[in-house]
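Asks: I'll drop the sequence and a predicted model, then ask my questions.
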Amino acid sequence: MHSYKKVLVILALILSVLPFAHAQDEQPQAGGTLTVALTEEFTTLNPIQLISTSDIQLTRTLYETLFRIDYSDPALPLVPHLAESYTVSEDGLTWTINVRQGVFFHHGKELNADDVVFSLERAKDPNISYGAGGLQFLESVEKVDTYVVQLNLTMPHFLFAEVLEYFAYAIVPSDRTEEQIATEPSGTGAFKLQEYSASEKAVLVKNENYWVEGLPYLDELVLRVIPDRKTQIAALVSGEVDAVSDVGALDLPILTAQPGIVVEQTAPFHASPLLVANTTLAPFDDVRVIQALKMALDRQTLANLIGGGLAVPSADHIVPPGHPLNANIPVPQQDIEGARALLAEAGYPDGIELTLGTSPVVYGAVELTVVVQEMVAPAGITITLEQVDPSMYWTTQYMQVPFFLSSWSSGNLMGVIPTMYLSTSYYNETQCCGEVLDNLIYSFIVAKTVEERLLAAAEFQMFVNENDGHIIPFIAPFVIAKRDNVFGEPNNYLTVRYETSWVK
C-alpha cells in the first residue's frame, strides 16, 4: 500500500469520531481583545495591491466594499453595504448607486460619491491595481450627486454588484494621497490600525464611530504572524492566541482532543491549496502535459487526506459545489495509463521531470505536494519539490516559476473569475487561452436569462477543465480553531469579518 493511502485509512478512522463546534446561545459582551494567529507576513496596506491572505485579513477589518455577501445564507446572497440601494438600466450598461449616508472614515471624513469615484478609478487602473482586470468592463464612474454615483459599463453585466463586493475594490477616502493610503490606512471598517509590523503583527482598535449600531464588540483585535503551524497550535492551546485563522486535516485530531478548543467551518468554497502551471512556458505550453498531470491524480484521496474528509473533489474550475452556476461536469478519475499515453503523444515516452515550487505559506500545501509527488510517479511524472520559507514564497516562487502553488476562495464568483482567468488580469496565473477564454467569461457575464447564464457557465467550466493550467483537486471549507470563550457569528469571522466577534 502507498504511504499516503496508509495515512488516509488512519485519518478516516480519526475523522469519523471528531466533533465540530455548533453555535452556542450566548449574549454578546462588549470589550476585550481577540488575538488571531496568521501564517503569512503582511506585504501591503494598499487594498488594490494585496498578495497574501494576511493582507486580505487586515484590509477586510479596515475597509469595506459597496456590497457584501451574506455568508450566513447557504445561497450566498448579495446585500448592499456601503451602497444603500442601486438600480440597473434595462440594457445592463448603467448602474446607479446610492451611497450610504452617515458613514465616516477613521480620520473623520464623511463617505460620499467622491470616495466611490476615486476608489473605483484607482482600482481599475492597471498601472497600480492588481485587481484591474476584474473592472475592465467599467468604462467610467461619474458623480451624479453628493451621495449618488453612476457606473457606465462597456457591456451588459447584470451581476456587476458581485464584482464590486471583491476585497480589491474597497472604498478608500478621496482626500488621501497614495503615500497615505500605503502607510496610514483610513477606512470605514469596524477597526482602526494602531500598530503595524509586516513581519510580526497588526494591532487594531475599535472604531468608536462605526456606522453599524452596537458593533464592533471587541476593544482590540490583534492579527499576529506565526509562520510555523505547530507553534500556532501550541499558542492556541496555551491561550497565547485566541484563534488560528486557517487549519486543516492534519491538525484536527490534535485540536479537537484539547479541552477548551473548538473547531468551526464554512460550506466548501475554498480552492486551497491548488497547483498552477503556466501554459506559456515549457513543458506546459503543450496542453497534453497538463492533462496528463490532471489525469494522474486521485482527487477523492486528495480531498479526504488533505481536505480532512471535509473537501469535495473538483474538476479544476473555481465554481464551488452547490453554487447555482456549478454545471456538475464529471470530476476526472485517475487514469495512470491514460496519463502515460498523453505524455508519449506530447513527446515524453520515457516520462517527464518537473520542478514544483512549494511552501507552507498555504495550509496543507507542502502535504499536498508531497502526496501528489508520490501519486503521479507511476504515470512517469517525476516531481522535484523546491520548498521555500513562507516569507520568500510570494516573491521567489509565486508566478515566478513555471509550476507553483496558489490559493483562491470562490464565495464571490463574479469578483474571482475575471481576476483569476481574464487575459488582462495581473492575477492570471496560468496565462491560458487569451481571447478564447475571455469570450467564454464574457458570455455568461452578459447573459440576461438564467438559462443563458447556466449554459455559458457550463461551457466555461468544461473549457477550463480541459485547457487551463489550474489543477484544483478539491474545494474545501474554511476552518478555524478557537478557544471556547470566543463567540460571534461564525460565518463572519470564518470569512474574515470580526466585527461580530466577542470574548467571554
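Replies: Received the coordinates, thanks.

Asks: what sits up against stretch 234-242?
Replies: 34-37, 224, 226, 232, 243-244, 255, 258, 261, 481-483, 485-486, 503 (Cβ atoms under 8 Å, 6 or more residues apart in numbering). From N, CA and C alone the C-beta is placed, and that goes for glycine too.

Asks: Pull out the buried members of these.
Replies: 34-37, 224, 226, 232, 243-244, 255, 261, 481-483, 486, 503 (16 or more other Cβ atoms under 10 Å).

Asks: can you tell me which of these are in helices?
Replies: 232, 255 (DSSP state H).

Asks: of the buried ones among the contacts of stretch 234-242, closest to Leu385?
Replies: Gln232 (22.5 Å; Cβ to Cβ).

Asks: tell me the contacts of that closest one?
Replies: Applying Cβ under 8 Å, 6+ apart, the residues near Gln232 are 37, 39, 226, 241, 244.

Asks: Which residues are in contact with the first one?
Replies: To tie it back to what came earlier, the one meant is Ala37. Contacts of Ala37 (Cβ under 8 Å, 6+ apart): 224, 226, 232, 235-236, 241, 243-245.

Asks: okay, those residues in TSV with distance to Ser391 and pLDDT next?
Replies: Shown next, in TSV, are the contacts of Ala37 (distance: Cβ to Cβ, whole Å; pLDDT from 0 to 100):
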residue	distance to Ser391	pLDDT
Arg224	15	97
Ile226	12	94
Gln232	15	92
Ala235	18	96
Leu236	22	95
Val241	19	97
Ala243	22	93
Val244	19	91
Ser245	17	82
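
Asks: Tabulate those residues in a markdown table, adding columns for distance to Tyr421.
Replies: Output for the contacts of Ala37, formatted as a markdown table (distance: Cβ to Cβ, whole Å):
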| residue | distance to Tyr421 |
| --- | --- |
| Arg224 | 34 |
| Ile226 | 33 |
| Gln232 | 32 |
| Ala235 | 38 |
| Leu236 | 36 |
| Val241 | 36 |
| Ala243 | 33 |
| Val244 | 31 |
| Ser245 | 27 |
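
Asks: ok, those residues vs Thr96, which is closest?
Replies: Once Cβ to Cβ is applied, the member of those that ends up nearest Thr96 is Ser245, at 37.3 Å.

Asks: who touches Lys448 in this structure?
Replies: By Cβ under 8 Å, 6+ apart, the neighbours of Lys448 are 92, 156, 158.

Asks: again, but for Ser119
Replies: 169-172, 174.

Asks: if we go to 10 Å?
Replies: Applying Cβ atoms under 10 Å, 6 or more residues apart in numbering to Ser119 gives the contacts 47-48, 63, 65-66, 82, 141, 169-174, 181.

Asks: Across the sheet, point out what pairs with Ala37.
Replies: Arg224, Val244 (DSSP bridges).

Asks: Can you check the pLDDT for it?
Replies: pLDDT recorded at Ala37 is 94.

Asks: Report the separation between it and Val486.
Replies: 13 Å (Cβ to Cβ, to the nearest Å).

Asks: ok, now Val361?
Replies: For Val361, the distance to Val486 - Cβ to Cβ - is 25 Å.

Asks: now do Leu385
Replies: From Leu385 to Val486 the distance is 36 Å (Cβ to Cβ).

Asks: repeat for Glu451
Replies: 45 Å.

Asks: just Val222 next, same as before
Replies: From Val222 to Val486 the distance is 13 Å (Cβ to Cβ).

Asks: what sits in contact with each of the two?
Replies: Shared contacts of Val222 and Val486, counting by Cβ under 10 Å, 6+ apart, come down to 34-36, 242.

Asks: now, which of these sits nearest Val416?
Replies: Out of the shared contacts of Val222 and Val486, the member with the shortest distance to Val416 (by Cβ to Cβ) is Val36, at 23.5 Å.

Asks: Which helix or which strand is home to Val172?
Replies: Assessed by DSSP states H and E, Val172 sits outside every helix and strand.

Asks: ok, it touching Thr188?
Replies: Yes: look at Val172 against Thr188 with Cβ atoms under 10 Å: they come within range, at 9.4 Å.

Asks: Now list whatever residues contact both of the two.
Replies: Joint contacts of Val172 and Thr188 (Cβ under 10 Å, 6+ apart) are 62-63, 105, 115.

Asks: May I see those arranged in JSON lines, with pLDDT and neighbour count as well?
Replies: As requested, the shared contacts of Val172 and Thr188 are exported to JSON lines (pLDDT from 0 to 100; neighbours: other Cβ atoms under 10 Å):
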{"residue": "Leu62", "pLDDT": "97", "neighbour count": "23"}
{"residue": "Tyr63", "pLDDT": "97", "neighbour count": "24"}
{"residue": "Phe105", "pLDDT": "98", "neighbour count": "24"}
{"residue": "Asp115", "pLDDT": "98", "neighbour count": "23"}
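
Asks: Rebuild those residues as CSV, extending it with distance to Val416 and secondary structure.
Replies: Below are the shared contacts of Val172 and Thr188 laid out as CSV (distance: Cβ to Cβ, whole Å; DSSP: H, G, I helix; E, B strand; the rest coil):
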residue, distance to Val416, secondary structure
Leu62, 21, helix
Tyr63, 18, coil
Phe105, 27, coil
Asp115, 24, helix
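
Asks: Export those residues to JSON lines and append columns for distance to Val287.
Replies: Shown next, in JSON lines, are the shared contacts of Val172 and Thr188 (distance: Cβ to Cβ, whole Å):
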{"residue": "Leu62", "distance to Val287": "42"}
{"residue": "Tyr63", "distance to Val287": "39"}
{"residue": "Phe105", "distance to Val287": "48"}
{"residue": "Asp115", "distance to Val287": "45"}
